[in-house]
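>>> coordinates for the following, if possible.
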Amino acid sequence: MRSFLQHDDSEITIQFYGGEPLIRIPLLEKIMDELPGIKHWSIQTNMINLHKLKPKYLRRLSSILASVDGRESITDANRGEGVYSKVLENCKLARKNGFTGDLVARMAVSEVADIYEEVTHLANLRSPGFNHIHWQLDSQWDDDPKARWKDFNYWVNNSYNPGITQLVQWWLENMQEGKIIGLVPFIPVMKSILDDSPSPLRCGAGLDSFAINPNGSISVCPISPEFAFSIVGDIQTSTPKSIRNSMKVTEPCPSCNIFGLCGGRCLFINQTKLWGAEAFKKVCGTVEYMVSELKAIKIEVQSLVEKGIIAKTEFDYPRFNNGCEIIP
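So this is what the prediction gives:
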C-alpha cells in the first residue's frame, strides 16, 4: 500500500472502515506507523473498543465518525442494549485523551427513528459535544425492503419528511441567533444553493475516493467489495491516477432536476437498485424534499450572511473527505 500511495500527488486522507476497524487495533496502529506523512486520518467505528486505542494514535485522527442513532432507546433498539452508553462513554474518553478533531455522530435512520427527535437530542448533548451530525437512511442495502421495514412509504410521508421540515426550521432559528448547528446533510447543500454551484457525487466514490480491500483489490466504495462492478484495480498494478474518475453515477440521476445539488446520492445504490426502480425513486424523493426545504430558506440565510450574523465560511464543510456521504 505504501508503494501505491507514493504515486498519489494529491493530499491523501485515509479512513479506517469496516466491518469494525477497531477489532484490528494492532494492524491499524502499524499502518499509521508506516505511513507517517498522511495529513488526515479518519475512522468510522461503533466506538465499543475505542478505549483500547493508544492516545498517541487517537490524537492523530482528524475525524471520528461514531455510530450512534439518536436517543438511547433508538440506538439500543438498533445496535443492542447498552451500546448508547458505551458510545458516549468512549466519546468522552476520546476528548479526555487528547482527540481534538471533528467528532461526528453518524446515524443510521431506521423505522423506529423520529429524525427530528434523534438529531436534536444528539445536537443538544454537551458531554460529549458532537461537532457534526450526519445520517443515512437504512434503505436499499439488501434486496428485500421488508427485511427491516414494515411500511417505508408511510414512514417517509408521515415521519421522516415532516421531521426534515422541523429540522430545517430549527436549523434556521439557530442561525438567526448566530449559531450554525453542524448538520452535515444541510451545510454543504446549502453552500451549493447559495453559490448556485453544482457538485459531483458528494462522497467521491469512483471519482477520488476508493476502498482498499484486505486482499489488495480496490473498489469504488467500501460497502461493495463483493460486487464485480465495484472493483476497479488493485494496489499491485494500479496507480491512483489510473483509477481516478473511473466510475460515475448513471441514469436516472444525471437527468434529475436536482442532480447538481444531490450529485447522485449513492454510487452503490445507483448501480444496484436492490429495491427496484420504484423504491429507488421513493428514496430519491426524500432528497428532493430535503433540497426543497433548504431552498425555501435560501433568501433568509443569504440575509443572515450579508448582515454578518453568520459567516459564509461556516458552510465550507467538509474541508477534506472525512467519510460523510453528505446526502442521506
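>>> quick one: residue 218 is in a strand?
Yes. Per DSSP: H, G, I helix; E, B strand; the rest coil, residue 218 lies within a strand segment.
>>> who does it bridge with?
Counting by DSSP bridges, residue 218 is bridged to residue 212, residue 233.
>>> so it makes contact with residue 233?
Yes. At 4.4 Å, residue 218 counts as touching residue 233 under the criterion of Cβ atoms under 8 Å. Heads up, the C-betas are built off the backbone N, CA and C, glycines and all.
>>> list the contacts of the nearest residue to residue 108 once chain neighbours are set aside.
Excluding the flanking residues, the one nearest residue 108 by Cβ to Cβ, 6 or more residues apart in numbering is residue 138, at 5.0 Å. For residue 138, the contact set (Cβ atoms under 8 Å, 6 or more residues apart in numbering) comprises 108, 109, 110, 148.
>>> change it to 10 Å
69, 78, 107, 108, 109, 110, 111, 113, 148, 149, 152 (Cβ atoms under 10 Å, 6 or more residues apart in numbering).
>>> and the gap between it and residue 169?
Taking Cβ to Cβ, to the nearest Å as the measure, residue 138 falls 25 Å from residue 169.
>>> mind naming the longest helix for the chain?
helix 277-295 (DSSP state H).
>>> and that helix, what other elements does it pack with?
strand 132-137, helix 152-155, helix 161-176, helix 187-195, helix 259-262, helix 267-272 (3 or more Cβ pairs under 10 Å, 6 or more residues apart in numbering; DSSP states H and E).
>>> contacts made by the second one with the rest, please.
Helix 152-155 is touched from outside by 109-115, 137-140, 145-146, 149, 160-161, 275, 279, 282-283, 285, with contacts defined as Cβ under 10 Å, 6+ apart.
>>> now do stretch 19-35
Here stretch 19-35 has contacts from 1-2, 5-6, 12, 14-16, 18, 38, 41, 43-54, 56-57, 60-61, 67, 90, 214, 222, using Cβ under 10 Å, 6+ apart.
>>> buried sites along stretch 4-14?
For stretch 4-14, burial by neighbour count (16 or more other Cβ atoms under 10 Å) applies to 4, 5, 13, 14.
>>> okay, and which of those residues map to helices?
Among the buried residues of stretch 4-14, DSSP H puts 4, 5 in helices.
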